[in-house]
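Trainee: fold the following and give me the result.
(2 chains)
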Amino acid sequence: MDMNLSVEDLAFKNEVSSFLDDNLSEYLRTGLLRTPGVFVEPDIGEEWHKILYKKGWITHHWPVEDGGMGWTPMQTYIYEKEVALAQAPKPAPISLTLIGPVLCKYGSTAQKEKFLPRIRSGEDFWCQGYSEPASGSDLASLSMRAVLEGDKYVLNGSKIWTTHAQHANWIFCLVRTDTSVKKQAGITFLLVPLDQPGIKVAPILSMSGDHEVNQVFFDNAETLLEYRVGDEGQGWEIAKFLLQNERGGSCFAPKTLVHISDLEKYADTYETADGKTMKNDPDFMNRLAKLKLRAHALEFTELRIQADIANGRPAGPQTSLTKLISSNLAQDVQALHNELFAYEGLQLPSERPLYHDDAPEPIGSAAGQTSLAAYLNGRAATIYGGSDEVQKNIIAKQILRL
Amino acid sequence: MDFDLSETQRLFQATTERFASTVDVATRLSIRSLDGSYDKSRWQELTELGLLSIGASTEFDGLDGSLTDLSVIAETLGLNNALDPWLENGAFPVRLGNIATDDALLKAILDGSQLVSVAFAEQNNRYELFPGNTIITTRDDGSGYYLNGEKHFVLTAALADILLVTAQFNGEFGIYSVAANSDGVDTHYYRLADGSQAAALTFKQVELSLDTRLSIDFEQFQDVIAEINVLCCSEILGLSQLLLNETISYVKEREQFGTTIGSFQSIQHGLVDCYSALEQMRSLLFRTLLLEDKSGEKWRANVMGAKAFIGENAHLIAHKAVQYHGAMGITDEVSIGHAMKRIMLLSRLFGDVANNLKHYARST
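Mentor: Residues are numbered from 1 along each chain as shown, chains lettered A, B, ... in the order given. Below is the predicted model of the structure:
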């Protein structure tokens, strides 16, 4: 057992951190810090996207032949960790982490040639058509229909909780092409252009006041046969591959540790009536300490998974474990963060974005102004990408063999 | 022994229910988009129904209602997810007016002509009730006062006609009645968790006449805060009951994996935990309401303990309610989030769970 980075890894770490130092502007940093949503706003994301694209790192995690960097799992972890420590935004995660890898693995040569360069450059912005009003945790029960007519699929139905559909120009959809077989076997994976008369995007406001998700309605919308990924009926296999990427599992802890140390800093500036700061409040600091211990433990749970992967042992359903632990931990950090700001933590401005000059002035600190919205949005972390209940079922079945 | 409501209390409950049950989520959102984020005609209606005079002394034509009477109203408002600031702009100033025996103030509140906001919170003073940065000085000619300083978290301030401002006068506690449109009052409005408009206020040489000081000392003020804290508990209890009711209905309807999600043991057990918490919350509220001596340090500590317990359990229920509603629970389109946000505000009003628990632990 050892924890030492190799000489190469250490050099790599330094390369990444100095790149971040040199390129991550104050505007981008502030933009991310003052965004209470789950996803970075497109204007912040796009600017950082261009910088990473120029550097060649934007699709580092893709296969080398499709534009990946060929980094080792440890290098990928190091990169993710440095990004988290620098508090850099994560541009277009749906394009880069979800649909990109799917096309690399399952896409035809023509699809790869058409779509991958536009994902890398940021020209296309994708959204995800998975959940439906009646199909959430039970995704395989989805009912949106696609019927092949000549060289086109005709689509009817609706998708919901579609993040940033209002900014996207493409959507990838799980659709039902066969109702006569077992539910998983009748699902197909289609790529659909959003800008067409048969598609309507309706906003859904979150309780934070953020507009991140939408419902997308398909009324005789169309897409070409050549935009089908894999075969008819192969959609469920692709969906599961994508969900594993959505759950990630590689690198939640460093970001959480940064949030905890930020919280520690705020605690030291936040004065109470007797002129002391909250850092002198033993109860508050005990609770902060407990969160820190959970985050340190999570960091090593993640590192142990990394080590397994590096040593040729597949990670498997462990991503469910880290997703479960990290989402609950993140929520508890957000709750304590909000508590620190007392009355100021109850402000909930409806204006967005909050990093522009015309945003309302915060009451107290800027960190207090976004705290509640972030906390409220954070409640979704134990729901999206498979709820806590779903993750626990997976762990019980696949790890504990119950 | 009997924990049932009296005939009169059932009447208060029915009146409140009739008033509050007409606002669904869509209506709520449209009211919140009005100037000041509230419909003042609702305030007029609430006053006419007598929901404010129940808490006033008989000498001011009130009903001299007990804290339990008021608790029934607060709980019913919670159960209906009401957006009316009955607690913070109604019961709170009315109880202050009772103690101060301020005839003019109570009259103005009870006939619905004036909306009153109490300005008690200051930045860098956390939950301390004794004012730190708001200072009263006497004018040189002795004809009145100057008010200087700042307050924040002044609730429903955009619609307020009168501000009751806590301030220091020669190091002593005082509370002063200030016309909201007075010269020297600088107002910065902002939106709060429950969609209401609060304000941060700055006072610069605001001129006050000598009769603006309410006759109320710090002990009495803290006793009133304790009463309003009990009413916070009652409204939180109603909101928690609403969350549990809505979630039980939802899991009975929502189908996934070919069955209702309420048939899953994990969800059943989670909701049993919520039910158990709710029963305990109600019991501790009743215990508090039935304490005989409702003044002094011991009473206040008991209230803080109850509020810590009730606030913490309400958060647990709210989190489960959101979780079991899935993504729908995150939206502003169902009552779940609105109830959770109001719970956050009420459980933090005058001090959060940790703060209340600390006081309780120290004093018992």
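
Trainee: now residue B:150: which helix or strand?
Mentor: If you go by DSSP states H and E, residue B:150 is part of strand B:144-155.

Trainee: what's the spacing between that strand and its chain's center?
Mentor: With CA atoms, centre = their mean, to the nearest Å as the basis, strand B:144-155 stands 20 Å off its chain's centre.

Trainee: chain neighbours aside, what residue packs nearest to the residue of the stretch 251-400 of chain A found nearest chain B?
Mentor: For the stretch 251-400 of chain A and chain B, the shortest gap (CB to the nearest CB) falls at residue A:273, measuring 3.5 Å. Using the backbone N, CA and C atoms, a C-beta is placed for each residue, glycine as well. In space, residue A:273 comes closest to residue B:128 once its chain neighbours are excluded; the distance is 3.5 Å by CB to CB, 6 or more residues apart in numbering or on different chains.

Trainee: what's the answer for residue A:156, then?
Mentor: That would be residue A:145: by CB to CB, 6+ apart, it lies 5.1 Å from residue A:156.

Trainee: please apply the same query to residue A:152.
Mentor: Excluding its sequence neighbours, the residue lying closest to residue A:152 (CB to CB, 6+ apart) is residue A:222, at 5.1 Å.

Trainee: pick out the residue of chain B closest to chain A.
Mentor: Going by CB to the nearest CB, chain A is nearest to residue B:337 of chain B, at 3.1 Å.

Trainee: I'd say that residue and residue A:204 touch.
Mentor: No - contact status for residue B:337 versus residue A:204: not in contact, 11.9 Å apart, counting by CB atoms under 8 Å.

Trainee: near chain A, which residues of the stretch 201-350 of chain B?
Mentor: Residues of the stretch 201-350 of chain B lying close to chain A (CB under 8 Å from any CB of the partner chain) are B:255-258, B:261, B:264, B:266-267, B:319, B:322-323, B:326-327, B:329-333, B:336-338, B:340-341, B:344-345, B:348.

Trainee: check the burial of residue 55 by counting its neighbours.
Mentor: By default, I'm working from chain A. Residues contacting residue A:55 under the criterion other CB atoms under 10 Å in any protein chain shown number 11.

Trainee: was after chain B, sorry
Mentor: Residue B:55 - counted by other CB under 10 Å - has 29 other residues nearby.

Trainee: state the pLDDT value of it.
Mentor: pLDDT for residue B:55: 95.

Trainee: residues in contact with the closest residue to it other than its chain neighbours?
Mentor: Nearest residue to residue B:55 in three dimensions, chain neighbours excluded: residue B:94, at 4.7 Å (CB to CB, 6+ apart). Residue B:94 makes contact with B:52, B:55, B:56, B:62, B:106, B:109, B:110 under the criterion CB atoms under 8 Å, 6 or more residues apart in numbering or on different chains.

Trainee: highest neighbour count among these?
Mentor: Using other CB under 10 Å as the neighbour criterion, residue B:55 leads the contacts of residue B:94 with 29 neighbours.

Trainee: the residue nearest to residue A:273 in helix, strand or coil?
Mentor: Following DSSP: H, G, I helix; E, B strand; the rest coil, we place residue B:128 in the coil state.

Trainee: touching, residue B:341 and residue A:348? I think so.
Mentor: Yes - between residue B:341 and residue A:348 there is a contact under CB under 8 Å: 7.4 Å.

Trainee: show me what contacts the residue of chain B closest to chain A?
Mentor: Contacts for residue B:337 (CB under 8 Å, 6+ apart) come out as A:206, A:207, A:376, B:322, B:329, B:330, B:331.

Trainee: out of those, which are inside helices?
Mentor: Those of those mapping onto helices are A:376, B:322, per DSSP state H.

Trainee: once you drop chain neighbours, what's closest to residue A:367?
Mentor: In this structure, residue A:367 finds its nearest non-sequential neighbour in residue A:266, 6.0 Å apart by CB to CB, 6+ apart.

Trainee: burial measure for the one you found, as a count.
Mentor: Residues lying near residue A:266 (other CB under 10 Å) number 19.

Trainee: likewise residue A:158?
Mentor: Around residue A:158 there are 20 other residues, counting by other CB under 10 Å.

Trainee: surely it is in contact with residue A:214?
Mentor: No - contact status for residue A:158 versus residue A:214: not in contact, 10.3 Å apart, counting by CB under 8 Å.

Trainee: returning to that earlier point: contacts only, for the residue of the stretch 251-400 of chain A closest to chain B.
Mentor: Counting by CB under 8 Å, 6+ apart, the residues that residue A:273 touches are B:124, B:125, B:126, B:127, B:128, B:130, B:132.

Trainee: quick check: which element contains it?
Mentor: Counting by DSSP H and E, residue A:273 is part of no helix or strand.

Trainee: same check, this time on residue A:148
Mentor: Per DSSP H and E: residue A:148 is located in strand A:145-149.
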